[in-house]
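Novice: Here is the input, now give the coordinates:
(one chain, ligands or ions: 2)
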Amino acid sequence: MGFMAGKRALIVGVASDRSIATGIAEAFAREGAELAFTYQNDRLKGRVDKLAAKLGSKMTYPLDVSSDDEIDALFAAIAKDWDGIDVLVHSVGFAPRDQLDGTFVEAVTREGFRIAHDISSYSLAALAKGALPLMEGRNSSILTLTYLGAVKAVPNYNVMGLAKASLEANVRFLAADLGPRGIRVNAISAGAIKTLAAAGIGGFRKMLHHMAKVSPIRRTVTTEDVGNAAAFLCSDLAAGIAGEILYVDGGYNTIGMHLDEDE
Ligand code: NAD
Ligand code: 0WE
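Specialist: Ligands and ions are numbered 1, 2, ... in the order given. Predicted structure coming up:
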């Protein structure tokens, strides 16, 4: 029997086979969890329905996290099928495309900053708020996805770095509030992975190459690596972990210097 048997998990953030949320859903299903999914818009519904079916779920719901009405409707609909939620995965991040090109100071605008923080950070608090009645008092957990750009300056990541810094603080404040109500809140800081959210980012291939060259495990991480860590963090095996940012980046963030082996 898997270590997530009996857990009901809601997964927000599947857009393709390559999404980090897809790797998380696959690991959860393998460990025996029951799954429900959201899709951002009708264009993505077919793909999410297909993944849900493959993992034995018929529960898919529309959700654009910028809409309070859609958040309310989501939890009202889920409450009809489930008496509670044990796991909520938030795997959502977005800034307008022009924010991720060029230098931070040149790219940043008031509107770009607002959207990045609304979609990438506020949405975690909004979903936690909406899910609270269904999650409290059942050893449940909330997980979000962050990136190194929250704590170090990474070229082109720009205002997303500020939004991820906010998201990481959000994890700590939510963990402090919701821990006493039986809900653990944590984040995984994943290494760079080629997903839709990475498509068309200038220099992304070079970044992957650099990570594989210098990180302790000498390869980039996969959605399967992240999925396995997520399954652990959201299971009762991690009952002692809250407010944590767990790096699943092959140790890249721990390196202070690299010497080329062949130079
Ligand atoms: P992805 O494009 O597959 O997933 C991003 C998801 O965000 C999509 O499912 C999209 O539908 C959703 N989304 C965006 N705006 C939304 C909105 N308004 N309402 C609802 N959903 C919305 O890419 P991914 O790489 O799997 O990204 C998932 C998370 O992982 C993001 O938070 C990202 O910042 C984080 N992350 C990614 C990497 C990486 O290198 N790919 C590394 C570390 C962290
Ligand atoms: O968080 C992310 C992706 C963030 C992202 C990506 C896009 C592309 C399409 C947010 N918004 C958008 N908006 C779009 O229109 N990552 C951690 C992956 C990522 O993105 C980068 C990276 C890495 C790593 C951007 C620049 C530099 C590094």
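Novice: rest of the way, CA atoms for contacts and neighbours
Specialist: OK.
Novice: Those residues of the stretch 101-250 of the chain touching ligand 1, which are they?
Specialist: 119, 145-147, 189-198 (Cα under 6 Å from any ligand atom).
Novice: Give the ChimeraX command for selecting the buried subset of these.
Specialist: Those of those that count as buried under 16 or more other Cα atoms under 10 Å are selected in ChimeraX with:
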select :119,145,146,147,189,190,191,192,193,194
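Novice: With pLDDT and distance to residue 13 as added columns, please give the residues of the stretch 101-250 of the chain next to ligand 1 in TSV.
Specialist: Listed next are those as TSV, based on pLDDT from 0 to 100; distance: Cα to Cα, whole Å:
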residue	pLDDT	distance to residue 13
119	99	12
145	98	10
146	98	13
147	98	15
189	99	16
190	98	15
191	98	17
192	98	17
193	98	15
194	96	15
195	94	12
196	92	11
197	90	11
198	90	14
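Novice: Any chance of a markdown table for the residues of the stretch 101-250 of the chain next to ligand 1, columns distance to residue 91?
Specialist: Listed next are those as a markdown table, based on distance: Cα to Cα, whole Å:
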| residue | distance to residue 91 |
| --- | --- |
| 119 | 11 |
| 145 | 5 |
| 146 | 9 |
| 147 | 11 |
| 189 | 11 |
| 190 | 11 |
| 191 | 14 |
| 192 | 14 |
| 193 | 13 |
| 194 | 15 |
| 195 | 12 |
| 196 | 13 |
| 197 | 11 |
| 198 | 14 |
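Novice: From the residues of the stretch 101-250 of the chain next to ligand 1, list the ones also adjacent to ligand 2.
Specialist: Filtering those for proximity to ligand 2 by Cα under 6 Å from any ligand atom leaves 147, 192, 197, 198.
Novice: Excluding sequence neighbours, find me the nearest residue to whatever residue of the stretch 101-250 of the chain ends up closest to ligand 1.
Specialist: Nearest to ligand 1 in the stretch 101-250 of the chain, going by Cα to the nearest ligand atom, is residue 192, at a distance of 3.2 Å. Leaving out its chain neighbours, the residue that sits closest to residue 192 by Cα to Cα, 6 or more residues apart in numbering is residue 208, at 6.5 Å.
Novice: Return the alpha-carbon coordinates of the longest helix belonging to the chain using PDB.
Specialist: When the chain is parsed with DSSP state H, its longest helix is helix 159-178. In PDB, the C-alpha atoms belonging to helix 159-178 read as follows (Å, rounded to 0.1, in the frame of the first residue of the first chain):
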ATOM      1  CA  VAL A 159      10.100  40.500 -11.100                       C
ATOM      2  CA  MET A 160       9.300  36.800 -10.700                       C
ATOM      3  CA  GLY A 161      12.100  36.700  -8.200                       C
ATOM      4  CA  LEU A 162      10.300  39.300  -6.100                       C
ATOM      5  CA  ALA A 163       7.000  37.400  -6.400                       C
ATOM      6  CA  LYS A 164       8.700  34.100  -5.300                       C
ATOM      7  CA  ALA A 165      10.300  35.900  -2.300                       C
ATOM      8  CA  SER A 166       6.700  37.000  -1.400                       C
ATOM      9  CA  LEU A 167       5.500  33.400  -2.000                       C
ATOM     10  CA  GLU A 168       8.100  32.000   0.400                       C
ATOM     11  CA  ALA A 169       7.100  34.500   3.100                       C
ATOM     12  CA  ASN A 170       3.500  33.500   2.400                       C
ATOM     13  CA  VAL A 171       4.400  29.900   3.100                       C
ATOM     14  CA  ARG A 172       5.800  30.900   6.500                       C
ATOM     15  CA  PHE A 173       2.800  33.000   7.500                       C
ATOM     16  CA  LEU A 174       0.300  30.400   6.400                       C
ATOM     17  CA  ALA A 175       2.200  27.700   8.200                       C
ATOM     18  CA  ALA A 176       2.200  29.700  11.400                       C
ATOM     19  CA  ASP A 177      -1.600  30.300  11.100                       C
ATOM     20  CA  LEU A 178      -2.700  26.900   9.800                       C
END
